[in-house]
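*Asks:* Okay, structure incoming, though there's no sequence with it:
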């Protein structure tokens, strides 16, 4: 077993900032994303990115930095006030819709920085260095939506504050799916619940026979600021991109403050909206849980499925 202290360091700062990489071109969803950022694709009645920002804010991370690229102006517009629209709705007495749009206006302290070149997730995270400074920070990938009541990010922040280093989220996937993910080898941690493990090594998109486990990295990270120096030294890896997984492997093998990687093994609801089928599943699952639409949608789905 790996021996670790479970007491939080009195001098270790607690995570306060979130980074959301959102510079991708969304090619898997063309032609829908030809003129619209993939992060703005609607999941029931909210764009996917709003779920991610709301998750960060609910975990206490009111300072959000989005890493954007060309043609991403719609993201900034969505989280800004729209006085003209509010005036039209007020004139109609439509207070319900006014409340809905104000819920997404300035939900946190949101900042934006451009990733000039699409050089990989590691490069995108590196773009946050000036904003983050010397504090631990969270990274949330917009393709992964986590159930609103799961509390995964808050759990990861707590683990990082107590154990230090970096913390990633892992989830069991079928063995035939491991080649689509970064995969971790893990060991138990003394004094911790069984959902907290030490990461001993990481492999980016291994062949099925080379995967050290079926525990795949999903899109939530709480990273020590030392990751920035490691990323600067990380050579391009798979696909010619700077891989965050490669930097995490270096952190996992190192020693000292900021080194070491732990993981929270997540067993809750997660929706992969970066995949077309996963996106449709997210729309259906979140739709049937919707407080207004859920009942009618469930009844329609029963009849629809019965006719297949």
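*Replies:* The structure has been received and is ready for your questions. This structure is a prediction, so every number in the text was calculated from the model and none was measured.

*Asks:* Could you give the separation of stretch 90-110 from the chain centroid?
*Replies:* Chain-centre distance of stretch 90-110: 25 Å, with Cα atoms, centre = their mean, to the nearest Å.

*Asks:* Same check on stretch 253-266?
*Replies:* Using Cα atoms, centre = their mean, the offset of stretch 253-266 from its chain centre is 18 Å.

*Asks:* can you pull the buried residues of that stretch?
*Replies:* Using 16 or more other Cβ atoms under 10 Å as the test for burial, stretch 253-266 gives 258-266. Quick note: C-beta positions are derived from backbone N, CA and C, even for glycine.

*Asks:* Likewise for stretch 168-187?
*Replies:* So for stretch 168-187, counting by 16+ other Cβ under 10 Å, buried means 168-171, 173, 178, 181-186.

*Asks:* How about stretch 57-75?
*Replies:* Applying 16+ other Cβ under 10 Å to stretch 57-75 flags 57, 59, 61, 63-69, 72, 75 as buried.

*Asks:* follow-up on the earlier one: just the buried residues of stretch 253-266 now: which is nearest residue 86?
*Replies:* Residue 86 has its nearest neighbour among the buried residues of stretch 253-266 in residue 266, at 38.0 Å by Cβ to Cβ.

*Asks:* ok, that closest one touching residue 168?
*Replies:* No - at 10.1 Å, residue 266 does not count as touching residue 168 under the criterion of Cβ atoms under 8 Å.

*Asks:* Give me the pLDDT for residue 16.
*Replies:* Predicted confidence (pLDDT) for residue 16: 94.

*Asks:* and if you look at residue 277?
*Replies:* For residue 277, the model assigns a pLDDT of 93.

*Asks:* swap in the one 4 residues further on?
*Replies:* For residue 281, the pLDDT comes out at 94.

*Asks:* Now do whichever strand or helix holds it: everything it contacts.
*Replies:* According to DSSP states H and E, residue 281 maps onto helix 276-288. Helix 276-288 is contacted from outside by 28-29, 41, 43-44, 145, 269, 271-273, 293-294, 297-298, 301, using Cβ atoms under 8 Å, 6 or more residues apart in numbering.

*Asks:* 10 Å instead?
*Replies:* 28-29, 32, 38, 41-46, 48, 51, 143-145, 147-148, 269-273, 275, 293-298, 300-301 (Cβ atoms under 10 Å, 6 or more residues apart in numbering).

*Asks:* out of those residues, which are buried?
*Replies:* Looks like the contacts of helix 276-288 have 29, 38, 41, 43-44, 48, 51, 143-145, 147, 269-273, 297 buried, using 16+ other Cβ under 10 Å.

*Asks:* if we can go back for a sec, show me the common contact partners of residue 266 and residue 168, please.
*Replies:* Going by Cβ under 10 Å, 6+ apart, residues that sit against residue 266 and also against residue 168 are 156, 215, 218, 220.

*Asks:* Just the closest of those to residue 251, please.
*Replies:* Using Cβ to Cβ, the shared contacts of residue 266 and residue 168 come closest to residue 251 at residue 156, 15.1 Å.

*Asks:* helix, strand or coil for that closest one?
*Replies:* helix (DSSP: H, G, I helix; E, B strand; the rest coil).

*Asks:* OK, contacts around it?
*Replies:* Contacts of residue 156 (Cβ under 10 Å, 6+ apart): 15, 59, 138, 166-169, 196, 220-222, 262-264, 266.

*Asks:* Count the neighbours of residue 11 for me.
*Replies:* Residue 11 sits with 6 neighbouring residues when counted by other Cβ atoms under 10 Å.

*Asks:* Would you mind giving the secondary structure of it?
*Replies:* Relying on three-state DSSP, one would call residue 11 coil.
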